[in-house]
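*Asks:* Sequence isn't available, so here's the structure alone:
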């Protein structure tokens, strides 16, 4: 076994610098009183149970008559798209003249144990679409779904094609069983009946631990070693802490909805088979004939590109486009490059079809 050729002076200098940054990080953290997120003003239009619908008014002249409704995933909070002013896809959309409506699924508690996908898609999401159309005075809405919220949006559009004018999916799984899908290789072993019987609602912190376990070096050791660099000054520290707040702000999952989603989508891959069942209705992606823009990340470890781009082979849209972002699952929304490209591309695509 070869030995490492280390210069003691260099090692000592690096340790000294690391300790200096640790002390500076401690000093920086003492100055921070609040980690503020989702700073863009909004109006709550509608509430039902834990679910609420937000309205964000376009800044300046409107560029699209048709409103835009965004459906986020259940497993995290939607302020990933409004993390801070310089990293806010939502803010960029408003600046480009789009009226935006955003679903907040809330925090399920014990009373929500038996909420299922029928409740989330055929009830809450459907009510959101109706409220958006009524508020905007429009017969249809554009729908943008993110991650699991994109899967919900696909199901909803397939079941209610007349209500959706244009569909945008972002980092959205369609084929849940591609070989490079790490979540599939984890989810296929989950005994959903036992999990729901044991926990009722599935704890959000347990799901977070599962996601982190998929890339333990990068999301654990590497991130922690790099933390002193992130915390050297207040601006970069706040950016880091806002992201950490979002990562660990994970709502518990309604037990029945979790069981159905893992079983039908991950374990049985029903979405691309045309056999997904949402309440009494069966989902057929061939019913999606409206324009579709599918945005995915090249380096997404949660929704690999093949899992997302499978959509083109299963919907019936004659106006299907893909947009590849050189980023990971979160970088699609918060990277500096994404801030300059994603929102403008969405606005242009919608305006051309308005």
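*Replies:* Okay, I see it. Predicted, not measured: the structure shown is a model, and the values here were computed from it. Residues are numbered from 1 along each chain as shown.
*Asks:* going forward, measure contacts between C-alpha atoms and count neighbours the same way
*Replies:* Fine.
*Asks:* how about the strands in the chain?
*Replies:* 43-48, 51-56, 68-71, 100-104, 141-146, 164-170, 276-278, 281-283, 292-297, 320-325 (DSSP state E).
*Asks:* okay, the ones you listed, which one's buried deepest?
*Replies:* strand 68-71 (a mean of 26; mean count of other Cα atoms under 10 Å).
*Asks:* looking at the strands of the chain, which is closest to residue 77?
*Replies:* Evaluated with Cα to Cα, the strands of the chain place strand 100-104 nearest to residue 77, the distance being 7.6 Å.
*Asks:* after that closest one, next one along is what?
*Replies:* The C-terminal neighbour of strand 100-104 among helices and strands, as given by DSSP states H and E, is helix 117.
*Asks:* same for that following helix, what does it pack against?
*Replies:* Helix 117 sits against helix 255-261, with contacts defined as 3 or more Cα pairs under 8 Å, 6 or more residues apart in numbering; DSSP states H and E.
*Asks:* Tell me how many other residues crowd residue 123.
*Replies:* Residue 123: 12 surrounding residues under other Cα atoms under 10 Å.
*Asks:* rewinding a little: with distance to residue 346 and mean pLDDT added, can I get the strands of the chain in TSV?
*Replies:* As requested, these are exported to TSV (distance: least, Cα to Cα, whole Å; pLDDT from 0 to 100):
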stretch	distance to residue 346	mean pLDDT
strand 43-48	23	97
strand 51-56	16	98
strand 68-71	10	98
strand 100-104	12	98
strand 141-146	10	98
strand 164-170	8	98
strand 276-278	29	98
strand 281-283	26	97
strand 292-297	8	98
strand 320-325	10	98
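*Asks:* would CSV of those with distance to residue 154 be doable?
*Replies:* Below are the strands of the chain laid out as CSV (distance: least, Cα to Cα, whole Å):
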stretch, distance to residue 154
strand 43-48, 22
strand 51-56, 19
strand 68-71, 11
strand 100-104, 16
strand 141-146, 8
strand 164-170, 8
strand 276-278, 11
strand 281-283, 9
strand 292-297, 10
strand 320-325, 14
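*Asks:* Surely residue 36 touches residue 242?
*Replies:* Yes: if you go by Cα atoms under 8 Å, residue 36 and residue 242 touch, sitting 7.0 Å apart.
*Asks:* Quick check: neighbours shared by those two?
*Replies:* Common neighbours of residue 36 and residue 242, counting by Cα atoms under 8 Å, 6 or more residues apart in numbering, are residue 84.
*Asks:* And these two? Which one has more around it.
*Replies:* residue 242 (20 against 13).
*Asks:* Can you give me the distance of the more buried one to residue 37?
*Replies:* Using Cα to Cα, to the nearest Å, we find residue 242 at a distance of 6 Å from residue 37.
*Asks:* Give me the common contacts of these two.
*Replies:* In contact with both residue 242 and residue 37: 83, 84, using Cα under 8 Å, 6+ apart.
*Asks:* pLDDT of the longest helix seen in the chain, averaged?
*Replies:* In the chain, assigned by DSSP state H, the helix with the most residues is helix 8-31. Average pLDDT, helix 8-31: 80.
*Asks:* now for it, which elements pack on it?
*Replies:* Secondary elements touching helix 8-31 (3+ Cα pairs under 8 Å, 6+ apart): helix 223-230, helix 234-248.
*Asks:* how far off helix 223-230 does that helix point, in degrees?
*Replies:* 70 degrees (axes from the mean of the first three to the mean of the last three Cα atoms, to 10 degrees).
*Asks:* what distance separates helix 8-31 from the middle of the whole chain?
*Replies:* 35 Å (Cα atoms, centre = their mean, to the nearest Å).
*Asks:* So which bits of it are buried?
*Replies:* 18, 21, 22, 24, 25, 28, 29 (16 or more other Cα atoms under 10 Å).
*Asks:* The strands of the chain: which one's closest to residue 197?
*Replies:* strand 276-278 (21.6 Å).
*Asks:* which residues sit against that closest one?
*Replies:* Taking Cα under 8 Å, 6+ apart as the rule, strand 276-278 contacts 117, 118, 121, 122, 264, 265, 270, 282, 283, 284.
*Asks:* What pLDDT is listed against the last one?
*Replies:* Pointing back at residue 284 there. Value listed for residue 284 in the pLDDT field: 98.
*Asks:* Neighbours of it, how many?
*Replies:* Neighbour tally, residue 284, other Cα under 10 Å: 22.
*Asks:* State the distance from residue 163 to residue 36.
*Replies:* 36 Å.
*Asks:* Which PyMOL command selects the buried ones in the contacts of strand 276-278?
*Replies:* Buried members of the contacts of strand 276-278, defined by 16+ other Cα under 10 Å, are picked up in PyMOL with:
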select buried, resi 117+118+121+122+264+265+270+283+284
